[in-house]
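J.: output the structure for:
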Amino acid sequence: MTDLPLIVQAGDPVLRSVALPVPPDEVGTPEFRAIVDTMIAVMRAAPGVGLAAPQIGVPKRVIVVEDREDLLAGMNADVRAARERNPLPLTVIVNPVLALVPGARVTFFEGCLSVSGYMALVARASLVQVTGLDATTGVGIPRVWRLRGWSARILQHEVDHLEGTLYVDRMYSRSLCSPQEAARWAGRTTQEAAAALGVELCE
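T.: Predicted coordinates:
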């Protein structure tokens, strides 16, 4: 797919607005599928592990997520295990409703394609349940997903976008890293980064 739209950046009102529900009978239309196909192409080109429709300027309650094995291939095994980061197949969710499952919260660095290059420590629930329409195959099928670890973090991040929330609203502000400094913490633990940056972790 050529001529992909640019990813909307922080400061655009569409990222700070509550996205609109998608009527179920719209999910199977060619027009809706064109939006989804564009979202998938933009996510993969970035590359990223998730994208919400508002990030391409479309104020609809649609997210696409995918964490491929090739994105994980170069990751340190200990880091991957600590993050519980496992492959997540391409999934398209329409009108997602997210519930945090009671339990542990975990803190890791998180970035966003709409806050390009920056990252910060963000605490998230380690287990979530999401209900919505599964439009991965082109039709909206009611489904419940129960995800943990990094996959749960991805879902929380993307559903936040539909509520007009960015990770910077949830971050430990002292941990914000510029694009030039982001690589400094690759492979380091959350505790090491927090200690060096003067962050008092709460969870």
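
J.: now do the contacts for R153.
T.: Residues in contact with R153 (C-beta atoms under 8 Å, 6 or more residues apart in numbering) are F108, E110, R124. All C-beta atoms are positioned from the backbone trio N, CA, C, and that covers glycine.

J.: any chance of TSV for these, columns distance to D25 and pLDDT?
T.: Shown next, in TSV, are the contacts of R153 (distance: C-beta to C-beta, whole Å; pLDDT from 0 to 100):
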residue	distance to D25	pLDDT
F108	39	97
E110	35	97
R124	34	98
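
J.: in strands only, show me those residues.
T.: If you go by DSSP state E, the contacts of R153 have F108, E110, R124 in strands.

J.: which one among those gets closest to R188?
T.: Proximity of these to R188 (C-beta to C-beta) peaks at F108, which lies at 10.9 Å.

J.: for the closest one, which residues make a bridge with it?
T.: Here F108 sits in beta bridges with V122, going by DSSP bridges.

J.: any regions of this protein where pLDDT drops low?
T.: 1, 203 (pLDDT under 70).

J.: list the buried ones in the strand ranked longest in it?
T.: Ordering each strand of the chain by length in residues (DSSP E) puts strand 88-100 first. Buried residues in strand 88-100, counted by 16 or more other C-beta atoms under 10 Å: L88, T91, V92, I93, V94, N95, P96, L98.

J.: what is the nearest of the contacts of R153 to E181?
T.: Taking these together and measuring to E181 by C-beta to C-beta, the closest member is E110, at 15.0 Å.

J.: now the ones in strands among the contacts of R153 in a markdown table, with neighbour count and distance to R174?
T.: Shown next, in a markdown table, are the ones in strands among the contacts of R153 (neighbours: other C-beta atoms under 10 Å; distance: C-beta to C-beta, whole Å):
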| residue | neighbour count | distance to R174 |
| --- | --- | --- |
| F108 | 18 | 15 |
| E110 | 22 | 15 |
| R124 | 23 | 18 |
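
J.: how about stretch 158-172: buried residues?
T.: 158-162, 164-168, 170-172.

J.: what do you get for stretch 67-75?
T.: By 16+ other C-beta under 10 Å, the buried positions in stretch 67-75 come out as D67, L71.

J.: neighbouring contacts of that stretch?
T.: Contacts to stretch 67-75, defined as C-beta under 8 Å, 6+ apart, come from residues P47, V49, R80, R85, N86, P87, L88, W150, S151, I154.

J.: can we see that at 10 Å?
T.: With C-beta atoms under 10 Å, 6 or more residues apart in numbering as the test, stretch 67-75 has contacts from 44, 47-50, 80-81, 83, 85-90, 150-151, 154, 186-187.

J.: among these, name the ones in strands.
T.: Using DSSP E, these in strands are G50, L88, P89, L90.

J.: now do the helices in the protein.
T.: Using DSSP state H, the helices of the chain run over residues 30-45, 69-72, 77-83, 149-162, 190-197.

J.: and the ones you listed as CSV, adding distance to V130?
T.: Putting those into CSV (distance: least, C-beta to C-beta, whole Å) gives the following:
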stretch, distance to V130
helix 30-45, 17
helix 69-72, 21
helix 77-83, 19
helix 149-162, 6
helix 190-197, 25
